[in-house]
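Novice: I need the structure of the sequence given here:
(chains A, B, C, D, E and F, ligands or ions: 9)
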Amino acid sequence: MAWLKEFTKGFIKENPVFVMALGLCPTLAVSSSVINAIGMGLAATFVLVFSNMFISLIKNLIPSKIRIPAYIVVIASFVTIVDMVMHAYLPAIHKSLGLFIPLIVVNCIILGRAEAFASKNNVFLSILDGLGMGLGFTLALVVIGSIREILGAGQFLGMNVLPATYKPMLVAILAPGAFIVMGLLMSLMNLTKKK
Amino acid sequence: MSILIHSILTLGILGLIYGLGLAFASKKFHVEVDPKIEKISGILPNVNCGACGFPGCAAYAEAVATKGAKINLCAPGGDDVTKKIAEIMGLEATSTDRKVAIIHCQSGGKNNTKFKYDYQGIETCKAAILLSGGPNACNYGCVYQYDCVRACKFDAMHIDDNGMIIVDNEKCTGCGACAIACPRNLIEIVSIKKRVHILCSSHDKGAIARKVCGNSTACIACGLCVKKCPVEAISMQNDLAVIDYDKCIVCGMCADVCPTSAIFDPLKEVRAQKKATAKAKAEAMKKKIEEQKSQEKKEEE
Amino acid sequence: MNDVFAVSAAPHIKQKISISSVMWQVVLALTPALLVGIFFFGIQSLLLTLYAVVAAVSTEALIQRFRKVPITVSDGSAVVTGILVAFNLNTSSPWWLPVVGAVFAIAIGKQIFGGLGFNIFNPALLGRAFLVASWPTLTTAGWKPTNPMSSIFQSSINGLSNLPSNVPAVITSATPLGVVKALRDTTQISRDMANTVMDNLASMNTLNELFLGNIGGVLGEVSAAALLIGAAFLAWKHIIEWRIPVSYIGTVFILIYVFGGINGIFSASILLPVFHILSGGLILGAFFMATDMVTSPVTKKGRLIFGMGCGILTVVIRLIGGYPEGVSYSILLMNITVPLIDRYTTPKAFGEVKR
Amino acid sequence: MKYYLKLGFVLLIITVIASGILAYINTITQPIIERNQQIAQENARKEVLPAAISFEEVTGDPTYFIGIDSDDNIVGYTFVASLYGYSSNVETMVGINPEMVIEKIKIISQSETPGLGANCEKPEFQAQFSGKQKSDMKVNKDGGAIVSLTGATITTRTITNSIKTALNKLDIPIENTAEEVE
Amino acid sequence: MGLKTFSGGIHPHDNKVYSKDKKIEILPIPQKIVIPLSQHIGSPSKPIVQVGDEVLAGQKIADAGGFVSIPMHSSISGKVTKLAKFNHPTGITVQGIEITGDGEDKWVELSDDTNYMDLPANEMKDRISKAGICGMGGAGFPTHVKLSPPEGKTIDTIILNGVECEPYLTADYRIMLEQTEDIISGLKILMKVVDAKNGVVGIEANKPDAIKIFKNLLKTEKNIKVVGLHLKYPQGAEKQLIYASTKRKVPSKGGLPMDVKVVVQNVGTAIAVYEAVRYNKPLVERVITVSGKIVKDPKNIKARIGTYYSDLLEFCGGTTEEIGKVISGGPMMGFAIPSLDTPMTKGSSGLLLFNKKEAHKKQEDVCLHCGRCVDICPMNLVPSLIAHHVRNNDWDSAEKFGVMDCIKCGSCAYVCPSHIKLIQWIDIGKIKVSESRQK
Amino acid sequence: MEFAGKILFMAVMAIFVQNFVLMRFLGLCPYIGVSKKLDSALGMGMAVIFVMTMASTFTWLIQTYLLVPLHIEFLQTIAFILTIASLVQLVEMVIQKTAPALYKSLGVFLPLITTNCAVLGVAILNIQSEYNFIFAILNGLFAGIGFTLVLVLMAGIRERLDRAELPASMKGMPIAMIVAGCMALAFLGFSGLKF
Ligand SMILES: Cc1cc2nc3c(=O)[nH]c(=O)nc-3n(C[C@H](O)[C@H](O)[C@H](O)COP(=O)(O)O)c2cc1C
Ligand SMILES: Cc1cc2nc3c(=O)[nH]c(=O)nc-3n(C[C@H](O)[C@H](O)[C@H](O)COP(=O)(O)O)c2cc1C
Ligand SMILES: Cc1cc2nc3c(=O)[nH]c(=O)nc-3n(C[C@H](O)[C@H](O)[C@H](O)COP(=O)(O)O)c2cc1C
Ligand SMILES: Cc1cc2nc3c(=O)[nH]c(=O)nc-3n(C[C@H](O)[C@H](O)[C@H](O)CO)c2cc1C
Ligand code: SF4
Ligand code: SF4
Ligand code: SF4
Ligand code: SF4
Ligand code: FES
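Specialist: Ligands and ions are numbered 1, 2, ... in the order given. Predicted coordinates:
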């Protein structure tokens, strides 16, 4: 069941955010609410899956000297597609994710997977890897997003989940909160790993 | 339609310009680099994420190749990359003839050893030996501030209930960090196969050595072991017996004769048993022979 | 081991000083301010302080227990942090505010870094910054007036009969610095009028009240006099050293004198800097918080730079920043630079020749 | 050299394919995006000036739209007021009737602090502007009629001031109408 | 009085009351003594006697082991009974010569040159060198070496160190009161040997009577000054003393007093110099303070070099409480030793006894970065950082931050609220750095 | 005078108030990755300042004179990232050849910058904010300075943290995040700065 492993490793064991600490910028920037987190996560997953697939398809055609620029073009194309499609059909989320959609291009996770995995494995595994990693990324975003949204706004997916007497802890959705929540989660990860 | 053409042209030309420009530049500004660095660079994911703590993959590759950086730092690359780098660097761990640390002192641990004063200083052996030659009565023995334990990065050294230091042969990698840390030079890195050791480092004269040793297991330089060793592996150096591990055949005969048990031989009992049975056999044989002889004599008579 | 002598490295005598003696003396030095706070704001002040202290101490103990390290709450450093968290709060705060602030201060501000001595940021101020960012309305508005009500606002408004009716609303609900901020900010009052109010603020009468403590504000900043008594005690005990407070306050004095006036450079009266120094927790910050040894430079030159940096930032925030009050942020910001300051101000050894 | 040409060529192919695909997708999405934006603006205008069914653009400073009802009457004007707030530019769509009384406002773009300044998007807050005039554009803390958001006076002041400035600048035709009314 | 001083430093309680007003007493000749062969900085002396040899007091029993070394003399008459390792006041064990006395105190012949000041400088230095004099103020550097500046260096000032800033110690104070003239004669000899025009006697403000006596006696001497110094530790440290009295700064990183044309000598050394030049008398006795709260009768004792500390303590009537710690030297820089069976040497200025409570030391806490150690370091170092680097085995950084410049005065450890044993860390650092330098 | 005032405002905004790293979440990977040693941080910072300024210049030109006239703004992402990547590589090669000493201290950081959100981010932000040419360049410069400032401060702090007895699970990444959070909390003091 090697393929299952390739699929699930991104969830916990090699979680791109908590374990490998890659792609931090979008993780922190868009996780102030769960809906943004999901949007970003899925957008990145889309790019990951398709660029992984594509790269593993053409891996043998590309001379090694220019593989990085070539990968970048491939990835950037998919990012642009996501950007345009979201803009057209999901204008609200597109607006709140803003700058960070084009920035998926430079997200280390994507290029990293292309290099480390897709350029060496077959199409099927590469898609699974991309999907797994993308979902792992989404998972991490949603976890952080939930914590921040619940603490910082008393809401989950826009619904009030805490009693009205709860005075939202604003920092959680501000920049400092993002860093601190992230730090604590990473440390938690370390703690569980040791046991 | 014009958009299609425009975009294809623009990007195409941009791509071409950049490609040619870079190609030209790479020729013009070519700089020789260590092939190893190139090779490692090739293996690394080249995402330049900085997770390794170096400023980019190339820098990491260089550090591995030339500065002995650790080979397992690349997070995106994971185990695969580590293994491959290991191959390039020829760092395959050889497990056949492992070396481990042994401590040449068994004065009984912090709780049993004899102290000449009450040490009240910082917890490091380096400092302790500076004060009046160390707090323990023996000027050569372990001072039990555990610099070695702290130096071990592999959790291979433990402190037992008596404050003795035990080396965990399973975990010990023979890295020698502890040996460097010990200011008394009590630790030696020796092949795991050599199992007979002199667990004392005292150059004191016999009487003193024995008196100050917490376990009274000091080497008193009686020289019995030197005489007993069948391969002349033991020599007396400045009132201390020292084993030449190159010569030692791990027979354990020295341990048998040592009057203070300063020589350690984990197989002593096994050997003793073997010896006993052999002796018994020999004796039995002798008896038989003698009986035979006497019988023959009788018969002769 | 009773029959052997003790042997240790020199020196064999030691000044009678320890972490806990230092910390408890700081607690002692903070009590006058607390007493004045109780006098002006009522028993609520004491309660808030107690909540914060209890929260700080128990958080510290719990975390140390969890980390399986020795529990050192008796050294008093958590008590200092707790008191200072409470001192940075408005006396009308709900009970949970000091508690949450103190927990954050100790957990994230201190223990996460390994505990006493290792933290980079001043825990109490980090706690305050956290509270301000989380509940800005609770921490920066709704000042409780002192009891008996101070005459400071009356005196500053006296003689302003032609004041638009809205002006008192701007002024009375705020702390003295809030007033200054409002005067600089609003487009509602004419410049002349703002000047008059400003002059009135920076009059001897007002300064007197600021000094003694009859003004609104956070718990600990209420009386400059009480704080100075504590500070003098600490200075006498050589627990705090002159460099940070002096360079801090000196910088604020000069900068406010130069830039503080409404009509451009050097338009401020000489009393305005004094007004600024006596209000807004500057005394509390300069003597008790910027001097926190753990989070300030060790070198002498470094401490001067640190103090000046705090002064500059305080004035920047007070004059053009988003908050009326800049002490806590300026100290936090300077905390960030401490490692670099220390690194670049390592003194030359005695006799070292310049190269 | 040949080798480099090959490299360049491969890169060229890839970019060409990529840009082709992108251009194609763009032709699909671009109209939708533009339509979306138009609809959004139109909706916003209609929201702040419900009586109007069509709008006529007048460019200027600020650019404004004349709202026209089914009977071709001028029912009011809409314009966008904008100013830098606490941490972002706050843009407000404002609808006024010919008497220069605010019909309704709608915050169309801001990224103020969530939970503080961002609360200006709440309907309760925006509702209070309806029926107010230029002279009312003052925050309660400054003695005006606009009740500021808790803890976000700066944002409130920004919105209020932006509307006021825009009203001041909006001149000729409105003055005319005003005169006509008089 | 216009007191002078340096920057930094501390004010420990001086505790000199125990022995301050005790006149110097002469210890009866001990039964057994040990002359360690390393009482000084430099190579050990080489014994020239054998077990069984009869020796006289003042008779040379060991030759200098090189230029930076000194000869040793027997301090009593008797028989050499052992050549072995013995305890040393610094805690280590070193080779020494044990002499069992015959109780008669027979001396080698001494002379008396009343015109000693007319001797040529060379001859004076020769006598100093033959007398086996090393510094009596602490480090024990051979005095004749200090008096032989290399080509091109000149000395213009001799400073006599009468500061005695260490708490408890009063030996220098007593000799300044009781042997003032000898000290001044010694100073004059020293000045003549190196052709120094100026002489300075530096005395701390807590010894006003000593300052007065010197001022009186030196009224007529234009080129010898008496300098009153602030009561502050470590005022007696060489570099600080030089700075306080001449405003000259000895360069860091291994600079020596002679780089600023100064030689500093202890007042006791001056007496030894005087006696050596005038009487040809070798250095076989010195004054030592035996003190401490628990000493029955604290005293300043003139004793023969090699006398066991246990004999000195007995002479003072023993202790009133159980001994917790024995310190050879002063409390700030002295060595705690594990045994009273230790002979005094030429550098032994004090023997202190602490009870168990005084001996108790607290555990180290973490560094608070309070900067107290930085504030008081007379050498302008950052002790906390040095200690940190040593703890991390980072010798390079330790060196960069100036471990080697530390004079080990102990002030930093004295003031540290976290009880950090800064000196012990610095000690390791010094050793490691000099090891790596040698490599 | 007004121009100077505008520039000053821009500098303060980019460096302190809207700091790229602490407030905008851009360039976090190098911020966390290259802040372990002060020397590296300084080198990296200098390289980033340089590249951000260059990137701002070139991307602005491409946008204004190529993409906009041809109505192909949707190719922004792809064109920018290609430009940046090539630029970085070119600069690297030139420096390596012509100034080996500079390369040793600075050049090694260059590749890391390609995948740094901050660079692409500033390029896109320049366009979004409709800056003119001069302001675009200046914005790149100031944003780079802001990045360098916090990077260097972070490195100082992390060097000091080496001395701390951190809880094991906090070592490395987690504590860096926490410190970043605390720094962001302190930087909130700059928020609302107005001239
Ligand atoms: C993290 C944080 C975010 C803030 N965001 C805003 C904001 O978006 N809009 C605003 O007007 N004020 C904001 N403020 C400023 C304060 O709330 C400020 O005290 C308030 O605007 C002043 O209004 P007041 O007159 O009601 O006290 C913010 C403050 C903090 C600490
Ligand atoms: C290695 C070494 C070399 C020295 N060389 C000289 C010298 O050439 N001339 C001199 O006057 N003093 C010399 N000294 C003596 C020192 O200046 C100083 O007097 C001595 O170390 C005792 O000082 P203290 O008691 O303050 O430690 C030397 C000291 C040492 C350790
Ligand atoms: C911290 C410190 C304190 C010292 N205090 C004294 C002192 O009080 N009296 C003294 O004679 N020497 C003292 N010394 C030794 C002097 O530095 C110097 O070595 C000595 O005066 C040289 O004279 P000598 O060679 O005759 O011993 C001290 C040294 C140090 C490092
Ligand atoms: C003079 C002095 C000032 C202090 N100031 C503070 C402070 O402002 N905030 C705080 O949390 N702790 C303060 N402390 C207590 C202690 O140093 C602080 O808890 C440490 O920063 C925790 O590591 C202070 C202690 C002293 C001695
Ligand atoms: S330090 Fe190295 S050699 Fe010593 S016990 Fe540990 S692993 Fe073995
Ligand atoms: S380092 Fe050496 S002396 Fe220290 S505890 Fe280990 S074996 Fe003993
Ligand atoms: S560092 Fe050295 S010189 Fe400085 S105070 Fe400490 S012991 Fe004295
Ligand atoms: S005196 Fe102690 S606690 Fe203070 S800085 Fe120095 S070493 Fe650290
Ligand atoms: S995700 Fe932003 S720099 Fe890596």
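
Novice: Residues of the stretch 1-150 of chain B that sit close to chain E?
Specialist: B:116-117, B:120-122, B:124, B:126-127, B:130-133, B:139 (Cβ under 8 Å from any Cβ of the partner chain). C-beta coordinates here come from the backbone N, C-alpha and C atoms, glycine included.

Novice: out of the residues you listed, which are inside helices?
Specialist: Counting by DSSP state H, the residues of the stretch 1-150 of chain B next to chain E place B:126, B:127 in helices.

Novice: Make JSON lines from the residues of the stretch 1-150 of chain B next to chain E and add distance to residue A:44 and pLDDT to it.
Specialist: Listed next are the residues of the stretch 1-150 of chain B next to chain E as JSON lines, based on distance: Cβ to Cβ, whole Å; pLDDT from 0 to 100:
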{"residue": "B:116", "distance to residue A:44": "68", "pLDDT": "88"}
{"residue": "B:117", "distance to residue A:44": "66", "pLDDT": "90"}
{"residue": "B:120", "distance to residue A:44": "60", "pLDDT": "88"}
{"residue": "B:121", "distance to residue A:44": "57", "pLDDT": "88"}
{"residue": "B:122", "distance to residue A:44": "52", "pLDDT": "90"}
{"residue": "B:124", "distance to residue A:44": "50", "pLDDT": "91"}
{"residue": "B:126", "distance to residue A:44": "53", "pLDDT": "91"}
{"residue": "B:127", "distance to residue A:44": "55", "pLDDT": "91"}
{"residue": "B:130", "distance to residue A:44": "59", "pLDDT": "89"}
{"residue": "B:131", "distance to residue A:44": "62", "pLDDT": "89"}
{"residue": "B:132", "distance to residue A:44": "66", "pLDDT": "87"}
{"residue": "B:133", "distance to residue A:44": "66", "pLDDT": "85"}
{"residue": "B:139", "distance to residue A:44": "67", "pLDDT": "87"}
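
Novice: Can you tell me which of the residues of the stretch 1-150 of chain B next to chain E is nearest chain A?
Specialist: residue B:124 (27.6 Å; Cβ to the nearest Cβ).

Novice: who's in contact with the closest one?
Specialist: Counting by Cβ atoms under 8 Å, 6 or more residues apart in numbering or on different chains, residue B:124 makes contact with B:145, B:147, E:428.

Novice: if we go to 6 Å?
Specialist: B:145, B:147 (Cβ atoms under 6 Å, 6 or more residues apart in numbering or on different chains).

Novice: And the one helix or strand residue A:130 maps to, what's buried?
Specialist: Using DSSP states H and E, residue A:130 sits in helix A:123-153. With burial defined by 16 or more other Cβ atoms under 10 Å in any protein chain shown, the residues of helix A:123-153 counted as buried are A:125-153.

Novice: again with stretch C:267-285
Specialist: For stretch C:267-285, by 16+ other Cβ under 10 Å, it's C:268-269, C:271-285.

Novice: What residues does chain B have near ligand 5?
Specialist: For chain B, the contact set with ligand 5 under Cβ under 6 Å from any ligand atom comprises B:100-101, B:151-152, B:154, B:156-157, B:167, B:172-178, B:189.

Novice: give me that answer again for 5 Å
Specialist: With Cβ under 5 Å from any ligand atom as the criterion, chain B meets ligand 5 at residues B:101, B:152, B:154, B:156, B:157, B:172, B:173, B:175, B:177, B:178.

Novice: Can you flag which of these belong to helices?
Specialist: Within those, residues falling in helices by DSSP H are B:177, B:178.

Novice: average model confidence for stretch E:171-183?
Specialist: Averaged across stretch E:171-183, pLDDT comes to 95.

Novice: what residues does it touch?
Specialist: Applying Cβ under 6 Å, 6+ apart, the external contacts of stretch E:171-183 come out as E:24, E:162, E:164, E:207, E:210, E:213, E:217, E:267, E:270-271, E:274, E:287-289, E:300, E:349.

Novice: show me where chain D has helices.
Specialist: Using DSSP H, helices in chain D cover D:2-48, D:123-127, D:153-169, D:172-181.

Novice: Going by neighbour count, list what's buried in the shortest one.
Specialist: Neighbour-count burial for helix D:123-127, counted by 16+ other Cβ under 10 Å, picks out D:125, D:126.

Novice: contacting residues for whatever residue of the stretch 1-150 of chain E ends up closest to chain F?
Specialist: Across the stretch 1-150 of chain E, no residue is closer to chain F than residue E:8, which sits at 24.3 Å (Cβ to the nearest Cβ). By Cβ under 6 Å, 6+ apart, the contact list for residue E:8 reads E:376, E:377, E:378.
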